[in-house]
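S.K.: Let me see the structure of the following:
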Amino acid sequence: MNLKFWGVRGSICSPLDPDQYREKIEKILELSAGKDLSSADRKQSFIDSLPDGLRTTYGGNTSCVTIDDGEDLLIFDAGTGIRKLGGDLLAGRFFNKKKKEYNIFFSHLHLDHINGLPFFSPVHFKDVQINFYSHHKGFEKMLELQQNGSYFPISLESRPCKMNFYELEEKENVSIGSFKISSMRLNHPNGSYSYRVTDASGMSVVYATDGEYTANSVLNHYFEFFNRADILIFDSQYNFNELAQRYNYGHSTAEIGVDAAVNSNVKKLVLYHHNHENNDEKIASLYYSALKYRSEKYPGSDLEIIISNEGMEIKL
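M.R.: Okay, the predicted model is just below:
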């Protein structure tokens, strides 16, 4: 099972602006003072030694994650990250299969989870088949509305690709090739759904973005669904102060993700759906806060915690 992250931001695109880019360069130059950077290896070693918030950028595109087994491709959400995915699919740089059939599962239909769909270039080709899955009633009409003439010059229904739309029932299971996909509703305005993907070997990944957990009893409700997942991709948009100020916005924190993962015996927690207001250093600080929280509250836990960033790949 292969995972790739094409967009990891929440709410709205948030690319680095010129001031943020310049600030990164200035801080890196300050840290380079007195360092021997005379060879390529020494330069690489210096880059590797930089703090997470300076060594990389987590990216500015909104939600899109893929899971594949070399035969079937599952796409979770169609935020702006799906644009890059579409280009790579057509160029054969990613998932180069003769059968051009792709499956898109929507957690929900808020703008940051669908706003890349009009720019998903495979829709322009007759030999492409796209299967859309959502729990939201009438979602085909909603996607058509997004691309009607008032908002976009090309309508969804006029695209040459073959499109199938499947409205899922609560807790309905779906089989695609060797994958088994189950789902569970999350606490989010207008409803959002998490998905659990299990392959033929029994490995499993849970995609659980856009969910709010307002009490232990609510979080406990998901332990069985998350149970023993190899990877839990979890909404960690806010810190606790922000969460308290944004009650009922439908998002969570990295620490709550730790609680969910440890109590569900998850192997790896991936922090996801980063706040569009946070720069890379702020996102990294939330990661370090999660590490500290795990160490202090669950000192015996071997839970691995990582931050998602655009282009990140994980192989199971």
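S.K.: and the gap between N115 and R9?
M.R.: To R9, N115 is 11 Å away according to CB to CB, to the nearest Å. Bear in mind the C-beta positions are built from the backbone N, C-alpha and C, glycine included.
S.K.: can you give me the helices for the stretch 151-300 of the chain?
M.R.: For the stretch 151-300 of the chain, the helices defined by DSSP state H, counting those that start in this stretch cover 216-220, 223-226, 240-245, 254-263, 280-297.
S.K.: pretty sure I104 is in a strand, no?
M.R.: Yes - counting by DSSP: H, G, I helix; E, B strand; the rest coil, I104 is found in a strand.
S.K.: Who are the contact partners of it?
M.R.: Residues in contact with I104 (CB atoms under 8 Å, 6 or more residues apart in numbering) are 75-78, 130-133.
S.K.: Out of the residues you listed, which sit inside strands?
M.R.: If you go by DSSP state E, the contacts of I104 have 75-76, 130-133 in strands.
S.K.: Hmm, R55 and D48 touching each other?
M.R.: Yes - the criterion here is CB atoms under 8 Å, and D48 meets it with R55 at 7.2 Å.
S.K.: who has more neighbours, these two?
M.R.: Ranked by neighbour count (other CB atoms under 10 Å), D48 and R55 place R55 first, with 15 against 8.
S.K.: between N115 and R9, who's got more neighbours?
M.R.: Taking other CB under 10 Å, N115 and R9 do not tie; R9 has more neighbours (28 against 21).
S.K.: Wait, the more buried one touches C64, no?
M.R.: No - between R9 and C64 there is no contact, the gap being 10.2 Å when judged by CB under 8 Å.
S.K.: Which residues are in contact with each of those two?
M.R.: In contact with both R9 and C64: G79, using CB under 8 Å, 6+ apart.
S.K.: Next, the contact list for E277, please.
M.R.: Contacts for E277 (CB under 8 Å, 6+ apart) come out as S14.
S.K.: Okay, it and G60: tell me how far apart.
M.R.: 12 Å.
S.K.: any common contacting residues for those two?
M.R.: With CB under 8 Å, 6+ apart, E277 and G60 have common neighbours S14.
S.K.: Just give me how far stretch 68-87 sits from the chain centre.
M.R.: Its chain's average C-alpha position is 11 Å from that of stretch 68-87, according to CA atoms, centre = their mean, to the nearest Å.
S.K.: cool, and stretch 169-184?
M.R.: The mean C-alpha position of stretch 169-184 is separated from the chain mean by 19 Å, CA atoms, centre = their mean.
S.K.: cool, and stretch 7-25?
M.R.: 17 Å.
S.K.: What would that stretch look like as PDB? C-alpha coordinates only.
M.R.: Extracted in PDB, the C-alpha atoms of stretch 7-25 (Å, rounded to 0.1, in the frame of the first residue of the first chain):
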ATOM      1  CA  GLY A   7      -2.300  18.900  -0.400                       C
ATOM      2  CA  VAL A   8      -2.200  19.200   3.400                       C
ATOM      3  CA  ARG A   9      -3.700  22.600   4.300                       C
ATOM      4  CA  GLY A  10      -7.200  23.400   5.600                       C
ATOM      5  CA  SER A  11      -9.700  26.100   4.800                       C
ATOM      6  CA  ILE A  12      -7.900  27.900   2.000                       C
ATOM      7  CA  CYS A  13      -4.600  27.800   0.000                       C
ATOM      8  CA  SER A  14      -1.700  29.300   1.800                       C
ATOM      9  CA  PRO A  15       1.500  29.400  -0.300                       C
ATOM     10  CA  LEU A  16       4.600  31.100   1.100                       C
ATOM     11  CA  ASP A  17       4.500  34.800   0.500                       C
ATOM     12  CA  PRO A  18       7.700  36.800  -0.300                       C
ATOM     13  CA  ASP A  19       8.100  38.100   3.200                       C
ATOM     14  CA  GLN A  20       7.800  34.500   4.700                       C
ATOM     15  CA  TYR A  21      10.300  33.200   2.100                       C
ATOM     16  CA  ARG A  22      12.800  36.000   2.900                       C
ATOM     17  CA  GLU A  23      12.400  35.400   6.600                       C
ATOM     18  CA  LYS A  24      13.300  31.800   6.100                       C
ATOM     19  CA  ILE A  25      16.400  32.700   4.200                       C
END
